[in-house]
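*Asks:* need coordinates for the below:
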Amino acid sequence: NWHIDSLVGLTLIGPHREDFVVLFNNDQVKNFASRGEIRSLLLAFKFTELELFNQSKELPILLLDDVFSELDENRQKLLIKNTKKYQTIITSTNIPSNVIKDFQHIELV
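*Replies:* Model prediction:
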């Protein structure tokens with residue numbers, strides 16, 4: 001109910017309030033995966049979500065915040081390759097030199 005959300009000053013119900021567990025060989029991925037691997041897994045979910053939305057007539061905009069910091073060079077290149085068919089906005093404090101040539105960037109100082 002938006003009235004209750006207004007009173008407490010935050011949204012109490014929604015996908016951002018849900019946690020889910022990813023299992024691999026009956027163990028939670030968070031127990032053994034590196035931060036980069038977890039970030040890659042989350043990006044895979046994000047791209048799956050984009051493909052579902054892509055079935056509609058309107059193309060979604062992909063928003064990624066500080067996504068390069070926990071990805072190795074190969075994963076950074078794969079990320080850029082997979083964003084080509086979407087309008088994508090990526091924020092970052094540091095754009096890796098291996099991907100900077102692949103997109104238009106705007107620097108705020």
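
*Asks:* tell me where the protein has strands.
*Replies:* Assigned by DSSP state E, the strands in the chain fall at 23-24, 27-28, 61-65, 87-91.

*Asks:* contacts for the first one?
*Replies:* Which is strand 23-24. For strand 23-24, contacts defined as Cβ atoms under 8 Å, 6 or more residues apart in numbering pick out Val29. Every residue, glycine included, has its C-beta placed from N, CA and C.

*Asks:* quick check: mean pLDDT across that strand?
*Replies:* What strand 23-24 shows for mean pLDDT is 92.

*Asks:* what's the answer for the third one, then?
*Replies:* Per-residue pLDDT values over strand 61-65 give a mean of 89.

*Asks:* what does that strand contact?
*Replies:* Taking Cβ under 8 Å, 6+ apart as the rule, strand 61-65 contacts 46, 50, 83, 86-91.

*Asks:* pLDDT weak spots in the protein?
*Replies:* Residue ranges of the chain with pLDDT under 70: 100, 102.
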